[in-house]
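Student: Pasting the sequence and the predicted coordinates here, then a few questions.
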Amino acid sequence: MVIVMAPGATEEQIEHVVERVESVGGEAFVSKGVERTIIGLVGDIDSFHHLNLRALGGVADVHRISDPYKLVSRQHHPERSTVWVGPAGHRVPIGPETFTFIAGPCAVETPGQTLEAAQMAQAAGATVLRGGAFKPRTSPYAFQGLGLEGLKILAETREATGMPVVTEVVDARDVPIVCEYADMLQIGTRNMANFGLLQAAGEAGTPVLLKRGMTATIEEWLMAAEYIAQRGNLDVVLCERGIRTFEPATRNTLDISAVPIVQATSHLPIIVDPSHAAGRKDLVVPLARAGIAAGADGVIVDVHPDPESALCDGPQALVGSDLRDLAAAVRRIPPLVGRVDAAERLQVT
């Protein structure tokens, strides 16, 4: 069961609802988004019905949810959500009315490389900067990222460009320090089922970009998002980045069908990552076009000023004509499916 609080509900009203639920042996999980507060209930449904929850102050509605994921389901939240990323005064929307282009280097290597990649991305139309300071790799001998120094470089680049930053966090213990430097936390495919990390990200309150696990079903992916929401954070964006199949022609298989399926079952925004799906730059633009046409709320891609020297995923990084082709697709296709550029809705003061 889920309680939807009215937009103007006070903290006292929220606390009163929680106390009433706990008085009959139930558990209440308060999740706050930019626009509304939702309380997920766990316990005996019949006991909750006797509380007459709809009559409590500040309560807008009460829903009984059959989906295993309660807080991220559309059963109680028919309209799809928009997640705002960035500091007050310069926030970027990711959601159903806009199309958001996120781009940057897969890994932060140097201040110069990061700034140049950010400027390339911004010139192509990107409004959010991605870049990895912590890099979980298949091989322990591969470049693992610059860590704290990489976070500082990203923050400096944000100051220079005005672009909000999304970067990966790989350990629950690092969540506080990453939140100090980033505007959005990325949880990668290898950590989608790291439940301690999901809960820490939920408690932090910073918007989260949650990538689909490489062998995860859509329901498992949404249940991972539920872990974040249950700990108080409804500002979650899902990212389809390709799943592992029997086909070896690409690194992963981009599941385009996940876009409309997720949008039908969850109110959370969903974007696609053609770079990590393909693993090769010649497929990034065609896959991005397909994702945009399917109705994705955005794309996230790798760019690098010198892909041949990149310390991470150089073969999939865009530069030159490939980046110009993607920029053209980002300009032309979203209006055909009823989207406006996220830059047109920036909250700038």
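Tutor: The structure has been received and is ready for your questions.

Student: Pull up the per-residue confidence for F143.
Tutor: According to the prediction, F143 has pLDDT 74.

Student: Quick check: the gap between the nearest residue to it once chain neighbours are set aside and P111.
Tutor: Spatial nearest neighbour of F143, excluding adjacent residues (CB to CB, 6 or more residues apart in numbering): L311 at 4.3 Å. (C-beta placed from N, C-alpha, C; glycine too.) Using CB to CB, to the nearest Å, L311 is found at 14 Å from P111.

Student: Compare the two (neighbour count), which wins?
Tutor: More crowded of L311 and P111, by other CB atoms under 10 Å: L311, with 20 against 15.

Student: Show me where the stretch 1-150 of the chain has its strands.
Tutor: 2-5, 27-32, 37-42, 59-63, 83-85, 90-94, 98-104, 128-130 (DSSP state E, counting those that start in this stretch).

Student: looking at these, which is closest to A290?
Tutor: A290 lies closest to strand 98-104 among these, at 14.0 Å (CB to CB).

Student: for the chain, what are the low-confidence residue spans?
Tutor: 34, 141, 348-349 (pLDDT under 70).

Student: got the buried residues for stretch 191-201?
Tutor: The neighbour-count check on stretch 191-201 (16 or more other CB atoms under 10 Å) flags N191, M192, A193, N194, L197, L198, Q199, A200, A201 as buried.

Student: Now render the residues you listed as TSV, adding secondary structure.
Tutor: What follows is these, written out as TSV (DSSP: H, G, I helix; E, B strand; the rest coil):
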residue	secondary structure
N191	helix
M192	coil
A193	coil
N194	coil
L197	helix
L198	helix
Q199	helix
A200	helix
A201	helix
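
Student: Could I get the residues you listed in CSV, plus columns for distance to D341?
Tutor: Shown next, in CSV, are the buried residues of stretch 191-201 (distance: CB to CB, whole Å):
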residue, distance to D341
N191, 31
M192, 29
A193, 34
N194, 34
L197, 32
L198, 31
Q199, 35
A200, 33
A201, 28
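
Student: closest to L209 among the residues you listed?
Tutor: A201 (10.0 Å).

Student: show me the contacts for the residue nearest in space to the middle of the chain.
Tutor: By CA atoms, centre = their mean, the chain has its centre lying nearest to L209, at 2.2 Å. Neighbour list for L209: V166, M184, L185, Q186, I187, V237, C239, I271, I300 [criterion: CB atoms under 8 Å, 6 or more residues apart in numbering].

Student: farthest-separated two in the residues you listed?
Tutor: That would be L185 and I271, which, of the contacts of L209, are the farthest apart (CB to CB) at 14.8 Å.

Student: what separates the residue sitting furthest away from the middle of the chain from S23, distance-wise?
Tutor: Centroid-distance maximum for the chain: H50 at 37.4 Å, with CA atoms, centre = their mean. According to CB to CB, H50 and S23 sit 11 Å apart.

Student: How about R324?
Tutor: 62 Å.

Student: This protein - how does it break down into domains?
Tutor: 2-63, 83-348 (automatic domain parsing).

Student: With distance to Q75 added, can I get those domains in JSON lines?
Tutor: Output for the domains of the chain, formatted as JSON lines (distance: least, CB to CB, whole Å):
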{"stretch": "domain 2-63", "distance to Q75": "6"}
{"stretch": "domain 83-348", "distance to Q75": "9"}
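
Student: Quick one: closest of these to H77.
Tutor: domain 83-348 (4.1 Å).

Student: what are the ranges of the strands in the stretch 201-349 of the chain?
Tutor: Taking DSSP E, counting those that start in this stretch as the criterion, the stretch 201-349 of the chain carries its strands at 208-211, 236-240, 270-272, 298-302, 340-341, 347-348.

Student: Name the residues that touch the second one?
Tutor: Right, the one you point to is strand 236-240. Here strand 236-240 has contacts from 72, 83, 94, 184, 186, 207-212, 221-222, 225, 228-229, 254-256, 258-259, 262, 266, 268-273, 277, 291, 296-298, 300, using CB under 8 Å, 6+ apart.

Student: And the fourth one, by the same measure?
Tutor: Residues lying outside strand 298-302 but in contact with it, judged by CB under 8 Å, 6+ apart, are 94, 99-106, 130, 166, 209, 237, 239, 269, 271-276, 284, 288, 291-292, 313, 316-318, 326, 330, 342.

Student: and if you look at stretch 85-99?
Tutor: Against stretch 85-99 from outside (CB under 8 Å, 6+ apart): 79-84, 100, 127-128, 162, 164, 166, 183-184, 207, 237, 263, 269, 271, 292, 296-298, 330, 334, 339-342, 344-349.

Student: Quick check: buried residues in it?
Tutor: Those would be V85, G86, H90, R91, V92, P93, I94, G95, P96, T98, F99, for stretch 85-99 by 16+ other CB under 10 Å.

Student: So for V2, which of the strands of the stretch 201-349 of the chain sits nearest?
Tutor: Closest among the strands of the stretch 201-349 of the chain, using CB to CB: strand 236-240, at 15.7 Å.

Student: re earlier: I'd like to know which of the contacts of stretch 85-99 are buried.
Tutor: 80-84, 100, 127-128, 162, 164, 166, 183-184, 207, 237, 263, 269, 271, 292, 296-298, 330, 334, 339, 341-342, 345-346.

Student: roughly how far apart are A200 and T206?
Tutor: Distance from A200 to T206, by CB to CB: 11 Å.
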